[in-house]
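S.K.: Dropping a prediction and its sequence here:
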Amino acid sequence: MEAIARGFVEALGLLFRGDPGVREVLLLSLKVSGTALLFATLIGIPLGAWLGFARFPGRRLVIALIYTGMGFPPVVIGLLVYLFLSRSGPLGFLGWLFNPPAMVLAQTIIAFPLVAGFTMAAVIGVNPGLRQQLLSLGATSWQATLALLREARVGVVVSLVAGFGAIISEVGAVMMVGGNIEGHTRVLTTAIVQLTRMGAFAAAIALGLILLALSFLVNLGMLRLQGRME
Amino acid sequence: MLLVFPSIYACSKTPASITLATTTSTYDSGLLGELIPPFEKEQGVTVKVVAVGSGQALALGERGDADVLLVHDPQAEEDFMAKGLGEVRRRVMYNDFIIVGPPQDPAGIRGLKDAAQALSGIARAGVPFVSRGDNSGTYSKEKALWTKAGITPEGAWYLSAGQGMGETLNLAREKAAYTLSDRATFLSQNKPELEVLVEGDAALQNIYHVIMVKGLSGKEAELARKLMDYFTSAQTQERIASFGVEKYGQRLFFPYPE
């Protein structure tokens, strides 16, 4: 109990003093997960929308793969990304391993099935006749898709919340491919693991509280966005 | 997508950097936090420290993902060199392993001078023992001690953690169990629930070597050599000797250049 109380006090101190180490870790977390979410959105929303209305052979298989991806263990993704980016791996020439791009890549792979899956569910939830109707009224396929997404927007925002939540709190994959290098690839989650390992529980709690607060603020922001959309 | 990646890559990567893979003990104890910044400043480079177990550090070297290794698993290191994976290997420092456990010492091993005998005592009493169970130098040492004791550790009392030294100590504390630890990590963690029970056996010596990975070229090779020299330089050796004395009242590492 004492350690937890001390963690709270320390967390407030770290926040208000604007500790440079904490700020660095926080900013990198936001940068990495934010960039990964951007890529996941660019891939996931079109893919999800398309799967939602398109009918083609093998669609079920693709959907099954997306669902599998939604529950894919991040550490396995970390391992695969590690092996691909390793200097002796096929993508080793990029020099991404133990650098932020490796972390972005891993997090993108973790997040995009979530974004695609939830977007698809939202699009399927929209009246199935709408797309046909828009097309018959002369809308281009592109316009009809956009209109469909607009109808499904609440669900689409949920897909982004789910994607972001999964990657900002992820530790196994970023630890493996980022290496938890201080001032370079250390993010909130890996810093918490490091501090716990070092027995520095109060500081670990402090960072944990910051992570929680961040997660809460992002969700709050998304909810407001959703509210304005409804 | 490939176009946007380099932008965050560019802003986070400094002109010159070198990757040092090391064991958790040198990092978690704070030693590298003291040794690395002066080198970075002096050379105007970034040293990217990846703290893993010795086994993983050697594996990173083998795959070419680390340039320099600071590890403490002499047998595995010799195999690494024998396989032609390392360019140079130099001794840097030593400290010792200790057997720690609950102050009540249910297995009655306190003060024993023979580490293998102490482990036999723990096994016989069936008191919980937490093993690193990973590919670390500490785990290699533990396995060697069990072999010396002629015991195959198994049963409900033998807990394989599969984690770093710090987590293993946390686990030992929670389970009121014994464990083998390097002295530096144990002292830097300040765990009053655990005490040093066995120390001083020659078999418990813990030697650290620095290895330059083979196949480096250009700037990387140059920096790797500089870092090797830096670790064994008189000034660094002095820093190693004085590290932690003020804070813990004793040395955590001892200089031991060749």
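M.R.: Here it is on my side, so go on.
S.K.: can I assume residue A:84 is in contact with residue A:90?
M.R.: Yes - counting by Cβ atoms under 8 Å, residue A:90 is a contact partner of residue A:84 at 5.8 Å. From N, CA and C alone the C-beta is placed, and that goes for glycine too.
S.K.: Now stretch B:61-76 - C-alpha only, CSV.
M.R.: Extracted C-alpha coordinates of stretch B:61-76, given in CSV (Å, rounded to 0.1, in the frame of the first residue of the first chain):
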residue,chain,number,x,y,z
GLY,B,61,26.0,-10.7,-31.7
GLU,B,62,25.7,-13.9,-33.7
ARG,B,63,23.0,-12.4,-35.9
GLY,B,64,24.9,-9.2,-36.4
ASP,B,65,22.4,-7.1,-34.4
ALA,B,66,24.9,-5.9,-31.9
ASP,B,67,28.4,-4.6,-32.4
VAL,B,68,29.9,-5.0,-28.9
LEU,B,69,28.9,-7.4,-26.1
LEU,B,70,29.6,-7.1,-22.4
VAL,B,71,28.8,-10.4,-20.9
HIS,B,72,29.5,-12.9,-18.1
ASP,B,73,29.3,-16.4,-19.3
PRO,B,74,32.9,-17.6,-20.0
GLN,B,75,32.0,-21.0,-21.4
ALA,B,76,29.5,-19.6,-23.8
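S.K.: Just confirm yes or no for that stretch near chain A.
M.R.: Yes - counting by Cβ under 8 Å from any Cβ of the partner chain, chain A is contacted by stretch B:61-76 at B:63, B:64, B:65.
S.K.: What average pLDDT does that stretch get?
M.R.: Averaged over stretch B:61-76, pLDDT sits at 95.
S.K.: now swap in stretch A:54-73 and tell me
M.R.: On average, stretch A:54-73 scores 93.
S.K.: quick revisit: can you tell me which of the residues of stretch B:61-76 next to chain A is closest to residue A:135?
M.R.: residue B:65 (52.0 Å; Cβ to Cβ).
S.K.: For burial, what's the neighbour tally of the closest one?
M.R.: 23 (other Cβ atoms under 10 Å in any protein chain shown).
S.K.: Residue A:141 now?
M.R.: Residue A:141: 11 neighbours (other Cβ under 10 Å).
S.K.: which ones are touching it?
M.R.: Taking Cβ atoms under 8 Å, 6 or more residues apart in numbering or on different chains, we find residue A:141 in contact with residue A:135.
S.K.: backbone phi and psi for it, please?
M.R.: Residue A:141 adopts backbone torsions of phi -60, psi -40, taken as degrees, to the nearest 10.
S.K.: buried sites along stretch A:179-199?
M.R.: Residues of stretch A:179-199 classed as buried by neighbour count (16 or more other Cβ atoms under 10 Å in any protein chain shown): A:179-182, A:184-199.
S.K.: Filter those residues to keep only those in contact with chain B.
M.R.: Answer for these near chain B (Cβ under 8 Å from any Cβ): A:179, A:180, A:181, A:182, A:184, A:185, A:194, A:196, A:197, A:198, A:199.
S.K.: Need the max-distance pair from the residues you listed.
M.R.: A:184 and A:199 (23.5 Å).
S.K.: can you give me how far the lengthiest helix in chain A is from the chain middle?
M.R.: In chain A, taking DSSP state H as the definition, the longest helix is helix A:20-53. Offset of helix A:20-53 from its chain centre (Cα atoms, centre = their mean, to the nearest Å): 5 Å.
S.K.: same deal with stretch B:167-182?
M.R.: Distance of stretch B:167-182 from the chain centroid (Cα atoms, centre = their mean) equals 16 Å.
S.K.: the helices in chain B, which residues?
M.R.: B:5-12, B:24-28, B:31-43, B:54-62, B:74-82, B:115-125, B:137-149, B:165-175, B:183-189, B:218-232, B:234-242, B:245-248.
S.K.: Please identify the most buried of those.
M.R.: helix B:24-28 (a mean of 28; mean count of other Cβ atoms under 10 Å in any protein chain shown).
S.K.: of all of the stretch 151-258 of chain B, which residue lies closest to chain A?
M.R.: Relative to chain A, the nearest point of the stretch 151-258 of chain B is residue B:166 (3.4 Å; Cβ to the nearest Cβ).
S.K.: residues in contact with that residue?
M.R.: A:196, A:197, A:198, A:199, B:24, B:28, B:185, B:189.
S.K.: How about the residues of chain A by chain B?
M.R.: Counting by Cβ under 8 Å from any Cβ, chain A sits next to chain B at A:28, A:31-32, A:35, A:39, A:42, A:86-89, A:92, A:96-101, A:104-105, A:179-182, A:184-185, A:194, A:196-199.
S.K.: among the helices of chain B, which is nearest residue A:219?
M.R.: When those are compared for distance to residue A:219 using Cβ to Cβ, the nearest one is helix B:5-12, at 24.4 Å.
S.K.: so where's chain A uncertain?
M.R.: Low-confidence segments of chain A, defined by pLDDT under 70: A:229-230.
S.K.: Can you tell me the centre-most residue of it?
M.R.: Geometric centre of chain A, nearest residue: residue A:164, 3.3 Å, by Cα atoms, centre = their mean.
S.K.: isn't it right up against residue A:35?
M.R.: No - using Cβ under 8 Å, residue A:164 is not in contact with residue A:35; the gap is 11.5 Å.
S.K.: Have a look at chain B and report its longest strand.
M.R.: strand B:86-101 (DSSP state E).
S.K.: The ones next to chain B among the buried residues of stretch A:179-199 in helices, which ones?
M.R.: Short answer: these in helices (DSSP H) are A:194, A:196, A:197.
S.K.: residues contacting the first one?
M.R.: Listed by Cβ under 8 Å, 6+ apart, the contact partners of residue A:194 are A:180, A:186, B:28, B:51.
S.K.: separation between it and residue A:169?
M.R.: As judged by Cβ to Cβ, to the nearest Å, residue A:194 and residue A:169 stand 16 Å apart.
S.K.: again, but for residue B:211
M.R.: 36 Å.
S.K.: Looking only at neighbour counts, state which of those two leads.
M.R.: The residue with more neighbours, out of residue B:211 and residue A:169, is residue B:211; 26 against 16, by other Cβ under 10 Å.
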